[in-house]
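Trainee: Give me the fold of what follows.
(one chain, ligands or ions: 2)
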Amino acid sequence: MPTAVSAPRTLYDKIWDDHVVDVQDDGLALIYIDRHLVHEVTSPQAFEGLRSAGRPVRRPDCTLATVDHNIPTISRKNLTTIESFVEEPDSRAQCMALEDNVKEFGLTYFGLKDKRQGIVHVIGPEQGFTLPGITCVCGDSHTSTHGAFGSLAFGIGTSEVEHVLATQTLLQKKGQNMRITVDGDLHEGVTSKDVILHIIGVIGTAGGTGSVIEYAGSVFRGFSMEARMSVCNMSIEAGARAGMVAPDEVTFNYLRGRPLSPKGEEWDRAEAYWRTLKSDEGARFDIEVKINAADIIPTITWGTSPQDVVPITGAVPDPSTMTDPVKRASAERSLAYMGLTPNTPMEDIKVDRIFIGSCTNSRIEDLRSAARVVLAAGPDTKVAPGVHAMIVPGSGLIKKHAEAEGLDAVFKRAGFDWREAGCSMCLGMNPDQLAPGERCASTSNRNFEGRQGSGGRTHLVSPAMAAAAAITGKLTDVRKFMGATADSNVAAGPKLKLAKASEFMDDAILPSPAPQAPSVTSSTASDLPPSEAPSTVQKFIVVKGVAAPLHIENVDTDMIIPKQFLKTLKRTGLANGLFFTLRKDPHTGKDKDFILNREPYIRSKILVCTGKNFGCGSSREHAPWSLNDFGIRCIIAPSFADIFRNNSMQNGMLPVSISQEDCRALAEDAEAGLELEVDLEKEEIRRPNGKAAIPFKTDPFRRHCLLNGLDDIALTLQRGSAIEEFEQRRSAVWPWLDGFGYKTGKISVAATKNAKKMDW
Ligand SMILES: CC(C)[C@H](C(=O)O)[C@@H](O)C(=O)O
Ligand code: SF4
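Mentor: Ligands and ions are numbered 1, 2, ... in the order given. The predicted model follows:
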């Protein structure tokens, strides 16, 4: 319901205001979550938490689960059960745990036999589960994708997944409003992927930290929903909490008729509301960035961070020309990893592998644009000798759609490998991986070290550029596949039939799962009202000990703990995986000369990082879990990525941000092997040898929770009546959000009523 305020509001302000259940004086709000997507990697520990506290899932009707990260993308002809189909034992265990959990908690699930299975961020929009004006979360950083519909969509860690499952709410502080406007006309051959890579090159991977980005201007207005999703998807690579595009006719046309979109009168009501969802004239943005569309040309990454971009016409940068020593060191490190020589023209770089897929670029338009390049190259075009080019559609329905259009035939004839849906080589939790040293042109979103396979080298590109590289065997300017000859080749090629997504959406009603009563494994927890369920959060008061210095910028969570360690059902036992690629030699498995392998840092309790944006990238809570397991309770850095900061505090760990100068001073103490003492009560870091303590600030609520070891879920459950009141209002004002299309309704959480009042 639009609130009566006079000041002009942004789209983000409006959605935020419409979801506040309760707000504290310090601005910390309890916000309602309309849609929750669940996958196998970040949910097992969350379900286990519910089980041991005897809590049900509050809104199964607003929750949708699928398997995507671990599953093989080979033919499913011989698929009988997930147990026999997924060969790798840890991957299998995660998939099976999800299947057990969805049964036990009564959730709708698209399993491997369901043609609607696919990457969470592809199936949500495809089904109309994602709608304008909603809040949408998932234990996955690329939840930002759903913001393309004008929703507030963001990734969360596993503790927060548990929080949403139990309460359908989250504790959040509002972020900043940031607007990125791209106006003007894009050159031919420039796609949404080039636009977002260019943006990240301009603002950097920390540019959006603490902000929600609204993408505005004629370029995004002119984009399809698929293109808007690719842009919003990579908001996380720009460091933002979320990205969004105001809904318009393009959005409504995409959603009309989708299985879970509102129907009939509900649609009319919904559409009228959705039309109010745009930033008001004069609304205030904290940060404004303006980009001229004409400045963008097909863009590609050269290094190991998504901000390492260069036009395809450019060359590998030369670190010796960089004045900032941290930047120079990080560029040198990237080039060594990437096996590249400064000043090499990008188009001279040979590739071994091509990956067209991922939640960024695996939708029908992406496949069409790749197929067009293949056709433009001529009738006998083949993938270059020695190159393996893989195409992985984002969902089973996209695969069917592409096959109905004849795209698969174009690809197969040219020698591409046409696979089944899943995350695949975007992060290689399944067998689709790069071998050490292999170089890949990839339509995914992350080029971190080891991301697609240990020692693998990734260049991020658009689907059209990936197809061009597949054909030439080198990074290639896609504009070489444009013009009169290309057009006549396309015209002379096979007649492709344009199909509509609605032709493949014949399942209007989702199965209605009958929830089994959640089983309770802890004998005492079931007898307790939720607020008294034992808190698992350890207190943080004072931590004194060895501090390890680290001089790396943009330490990403793939670096903190690589994908092979995500296949666990537990929150513990991850110390061995911490900074694995920096600590262990991939060939011998022996310790490398990394700081945490040396005395006295092997006993570190504190990590002092002098580079900004610590913990960027994926939402994996495994990152703080592994630090914690190693014994590190406090990380000091100039700045943190939002999800990592939240995840750490959910685990009784303290992320402290202080100036880069102070970080450098502390790193010097650490290098001398001197102990530091972090005092949360006094909010200061005490240094050895009588040096002045360094003060820091923490959010008052988080500080209170850490000092007392309080568990967020128990605290939120005390707000049971406010949540119920909100739900009643929600049903009256936005009735289409009550699990429209599902047969099962909500499950009431009677236990919340008896909850004992706790310190909030
Ligand atoms: C597994 C999940 C936590 C992770 C994410 O949050 O992004 C993954 O999807 C990724 O892309 O690295
Ligand atoms: S980024 Fe890759 S691994 Fe993560 S959800 Fe998207 S496709 Fe899956």
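
Trainee: Going by C-alpha atoms from here, please, whenever you check contacts or count neighbours.
Mentor: OK.

Trainee: was I right about residue 44 contacting residue 98?
Mentor: Yes: taking CA atoms under 8 Å as the definition, residue 44 is a contact partner of residue 98 at 6.7 Å.

Trainee: okay, now the nearest residue to residue 433 once chain neighbours are set aside: neighbour count?
Mentor: On the basis of CA to CA, 6 or more residues apart in numbering, the spatially nearest residue to residue 433 that is not a chain neighbour turns out to be residue 453, at 4.9 Å. Here the neighbour count serves as a burial measure; for residue 453 (other CA atoms under 10 Å) it reads 25.

Trainee: Check the one 3 residues further on too.
Mentor: Residue 456 sits with 22 neighbouring residues when counted by other CA under 10 Å.

Trainee: Got phi/psi on it?
Mentor: Taking degrees, to the nearest 10, you get phi -70, psi 150 for the backbone angles of residue 456.

Trainee: what pairs with residue 209 across the strands?
Mentor: Taking DSSP bridges, one finds residue 240 as the beta-bridge partners of residue 209.

Trainee: so who does it touch?
Mentor: Contacts for residue 209 (CA atoms under 8 Å, 6 or more residues apart in numbering) come out as 238, 239, 240, 241, 641, 642.

Trainee: if I look at it, how far off is residue 616?
Mentor: Noted for residue 209: a distance of 9 Å to residue 616, by CA to CA, to the nearest Å.

Trainee: Please enumerate the shared neighbours of the two.
Mentor: 239, 641, 642.

Trainee: ok, which stretches of the stretch 551-700 of the chain are helices?
Mentor: 557-560, 580-583, 622-630, 642-649, 660-671, 700-708 (DSSP state H, counting those that start in this stretch).

Trainee: Return a PyMOL selection command for the buried portion of the shared contacts of residue 209 and residue 616.
Mentor: Per 16 or more other CA atoms under 10 Å, the buried members of the shared contacts of residue 209 and residue 616 correspond to this PyMOL selection:
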select buried, resi 239+641+642
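
Trainee: Could you dump the shared contacts of residue 209 and residue 616 into a markdown table with pLDDT and distance to residue 141 added?
Mentor: Rendered in a markdown table, the data for these read as follows (pLDDT from 0 to 100; distance: CA to CA, whole Å):
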| residue | pLDDT | distance to residue 141 |
| --- | --- | --- |
| 239 | 96 | 10 |
| 641 | 95 | 11 |
| 642 | 93 | 11 |
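
Trainee: Looking at the shared contacts of residue 209 and residue 616, which is nearest residue 435?
Mentor: Out of the shared contacts of residue 209 and residue 616, the one with the shortest distance to residue 435 is residue 239. That distance is 28.8 Å, counting by CA to CA.

Trainee: In contact with that closest one, which residues?
Mentor: Under the contact definition (CA under 8 Å, 6+ apart), the residues listed for residue 239 are 204, 205, 206, 207, 208, 209, 210, 616, 617, 641.

Trainee: In strands only, show me these.
Mentor: Cross-referencing the contacts of residue 239 against strands under DSSP state E gives no overlap.

Trainee: so where's the stretch 651-760 of the chain shaky on pLDDT?
Mentor: Counting by pLDDT under 70, the stretch 651-760 of the chain shows low-confidence ranges at 740-760.

Trainee: ok so, going back, nearest to ligand 2, out of the helices of the stretch 551-700 of the chain?
Mentor: With CA to the nearest ligand atom as the criterion, ligand 2 lies closest to helix 557-560 of the helices of the stretch 551-700 of the chain, at 11.1 Å.

Trainee: Let me know whether the closest one sits next to ligand 1.
Mentor: No: Helix 557-560 does not reach ligand 1 (CA under 6 Å from any ligand atom); its nearest approach is 7.0 Å.

Trainee: Show me which residues of that helix are buried.
Mentor: Under the neighbour-count criterion of 16+ other CA under 10 Å, helix 557-560 has 557, 558, 559, 560 buried.

Trainee: Nearest to residue 77, out of those residues: which one, please.
Mentor: Relative to residue 77, and with distances defined as CA to CA, the nearest of these is residue 558, at 33.2 Å.

Trainee: Spell out which residues belonging to the protein are near ligand 2, please.
Mentor: By CA under 6 Å from any ligand atom, the part of the chain that sits against ligand 2 consists of 69, 142, 358, 359, 423, 426, 427.

Trainee: Now for the spatially most central residue of the chain: which residues touch it?
Mentor: Here the mean C-alpha position of the chain is nearest to the C-alpha of residue 141 (CA atoms, centre = their mean), at a distance of 1.7 Å. By CA under 8 Å, 6+ apart, the residues touching residue 141 are 154, 155, 156, 236, 617, 618, 619.

Trainee: same thing with residue 126?
Mentor: Counting by CA under 8 Å, 6+ apart, residue 126 touches residue 258.
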